[in-house]
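In: Following is a predicted model, sequence given first.
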Amino acid sequence: MAVHGAFARDFNQITPRRGDNVPLSKSRMAVRKPKVIVTRKLPDPVETRMRELFDTELNVTDAPFTPERLADALSRADALVPTITDRLAADMLEKAGPKLKLIANFGVGVDHIDVAAAVARGIAVTNTPGVLTEDTADLTMALMMAVGRRIVEGANVAQAGGYQGWAPTWMMGHRITGKRLGIIGMGRIGQAVARRAKAFGLQIHYHNRKPVSPRISEELEATYWESLDQMLARMDIISVHSPHTPATYHLLSARRLKLLQPHAILVNTARGEIIDETALADLLREGKIAGAGLDVFEHEPAINPKLLGLANAVLLPHLGSATIEGRIDMGEKVIINIRTWMDGHKPPDRVIPAMM
Ligand code: DGY
């Protein structure tokens, strides 16, 4: 088998061809597997498969890599498998050794990687789209419900033994059915949320760079808003699903957050950087927005102290894709991307800088 591409050059030099007088077992042993360094603990089946296929270095303790350890990994790996907890800015990518040709991110968001700088150094970047769409959409609905129906507040009272009996005016939340949901970013996850929300009786509105296809728009009975400001001012619930890019940093600025109605609920399962968290916390505390459900934060793992302790804010520790099925599927995508690259082909989930 002739293999093309960066890793393939080594592979072909040491792999005998048909007719070469070398026993098969020796030829197999001679094949250099690519050095793949994984920065975090992954689900067991993923790690087992990676060990079989590659010369894999795992992180069994799961301690996040320090900058020094990350630099060392970059200098030694053929392929690096990072996660959102690894900051791969241009200065860090300068530590990449000559062998590094692939960054196969475990996750769909790649805002922690300077993709343009990587590509300029001849390093391809891949991600794991599609496989975490449904899980993230489920969690988005859970947050919408949790905030609207005060589920966490109620559960805390019950757990603490504080339930003193049903009362007509106690713990009232807001009805979800029939309300207007404004989705910011109508990509895969935004659409998956819209499908679920429609089944809950919500009216679907969205703001996106461009309208979705007529087929999707009809299926979702969705209304497109070119003006984000106008949409924000008219919705009951807002859900954020755009990627974090320079253009979406603090897209929900203090000015825009003030456009929300006092009974509005804001949900974010995308990236913390898209919302001005300090402005949001102030509005929540002053009762100028009814509630927020946040799975992501601007300075993770740190959470803005102003958000802590607010009864009308449900905060989750970035659980969007945290299902065992989802994380195994993500691992499989990583493996497919590495194997395709090893075989000298373009990996299926390449991130193109212009896409961002
Ligand atoms: C994703 O896949 O983008 C998750 O948010 C974790 O990075």
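Out: Okay, I see it.
In: Could you pull up the residues touching residue 208?
Out: 184-187, 190, 224 (Cβ atoms under 8 Å, 6 or more residues apart in numbering). Glycine gets a C-beta too; all of them are placed from N, C-alpha and C.
In: residue boundaries of the strands in the stretch 251-356 of the chain?
Out: For the stretch 251-356 of the chain, the strands defined by DSSP state E, counting those that start in this stretch occupy 265-268, 291-294, 313-315.
In: Could you name the helices and strands sitting against the helix ranked longest in the chain?
Out: As assigned by DSSP state H, the longest helix anywhere in the chain is helix 324-342. Packed against helix 324-342 by the contact rule (3 or more Cβ pairs under 8 Å, 6 or more residues apart in numbering; DSSP states H and E) you find helix 6-14, helix 44-53, strand 79-81, strand 102-104, strand 124-126.
In: sorry, back to before: so for the ligand, which of the strands of the stretch 251-356 of the chain sits nearest?
Out: strand 265-268 (11.4 Å; Cβ to the nearest ligand atom).
In: For that closest one, C-alpha coordinates in PDB please.
Out: Only the C-alpha atoms of strand 265-268 are listed here, as PDB (Å, rounded to 0.1, in the frame of the first residue of the first chain):
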ATOM      1  CA  ILE A 265     -34.900  34.400  29.800                       C
ATOM      2  CA  LEU A 266     -31.400  34.100  28.300                       C
ATOM      3  CA  VAL A 267     -29.800  30.700  27.600                       C
ATOM      4  CA  ASN A 268     -26.200  30.100  26.500                       C
END
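In: who does that strand pair up with?
Out: strand 237-240 (parallel), strand 291-294 (parallel) (DSSP bridges).
In: Export the ones you listed to TSV and append columns for mean pLDDT, mean neighbour count and distance to residue 38.
Out: Output for the strands paired with strand 265-268, formatted as TSV (pLDDT from 0 to 100; neighbours: other Cβ atoms under 10 Å; distance: least, Cβ to Cβ, whole Å):
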stretch	mean pLDDT	mean neighbour count	distance to residue 38
strand 237-240	98	27	30
strand 291-294	98	26	28
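In: Turn the ones you listed into TSV, including distance to the ligand.
Out: Formatted as TSV, these follow (distance: least, Cβ to the nearest ligand atom, whole Å):
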stretch	distance to the ligand
strand 237-240	12
strand 291-294	13
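In: Just send the ones you listed back as CSV, with distance to residue 107 too.
Out: Below are those laid out as CSV (distance: least, Cβ to Cβ, whole Å):
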stretch, distance to residue 107
strand 237-240, 17
strand 291-294, 18
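In: Residue 338 is nearest to which of those strands?
Out: strand 237-240 (31.2 Å; Cβ to Cβ).
In: Can you mark which positions in stretch 183-199 are buried?
Out: Within stretch 183-199, the residues scored as buried using 16 or more other Cβ atoms under 10 Å are 183-194, 196-198.
In: Contacts for it, please.
Out: So stretch 183-199 is contacted by 129-130, 133-134, 136-138, 140-141, 144, 181, 204-208, 212, 216, 219-222, 228, 238-243, 251-252, 269-270, 274 (Cβ under 8 Å, 6+ apart).
In: how far does that stretch sit from the chain's center?
Out: On the basis of Cα atoms, centre = their mean, to the nearest Å, stretch 183-199 sits 15 Å off its chain's mean C-alpha point.
In: That one and the ligand in contact?
Out: No. Judged by Cβ under 6 Å from any ligand atom, stretch 183-199 and the ligand are separated, with a smallest distance of 9.7 Å.
In: Export only the CA atoms of that stretch, formatted as CSV.
Out: Extracted as CSV, the C-alpha positions of stretch 183-199 are listed here (Å, rounded to 0.1, in the frame of the first residue of the first chain):
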residue,chain,number,x,y,z
ILE,A,183,-32.3,31.7,18.4
ILE,A,184,-29.0,33.5,17.7
GLY,A,185,-27.0,31.3,15.2
MET,A,186,-29.1,28.9,13.2
GLY,A,187,-26.4,26.2,12.4
ARG,A,188,-26.8,22.6,13.3
ILE,A,189,-27.3,23.1,17.1
GLY,A,190,-29.6,26.1,16.6
GLN,A,191,-31.8,24.1,14.3
ALA,A,192,-31.8,21.1,16.7
VAL,A,193,-33.0,23.4,19.4
ALA,A,194,-35.6,24.9,17.2
ARG,A,195,-37.0,21.4,16.4
ARG,A,196,-37.3,20.6,20.1
ALA,A,197,-38.7,24.0,21.0
LYS,A,198,-41.4,23.7,18.3
ALA,A,199,-42.5,20.4,19.9
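In: and it, average pLDDT?
Out: Averaged over stretch 183-199, pLDDT sits at 98.
In: how about the helices in the stretch 51-200 of the chain?
Out: With helices called from DSSP state H, counting those that start in this stretch, the stretch 51-200 of the chain shows them at 67-76, 90-93, 115-120, 133-148, 151-159, 188-199.
In: Quickly compare these and say which is most buried.
Out: helix 133-148 (a mean of 22; mean count of other Cβ atoms under 10 Å).
In: Run a quick neighbour tally on residue 82.
Out: Neighbours of residue 82 under the rule other Cβ atoms under 10 Å: 25.
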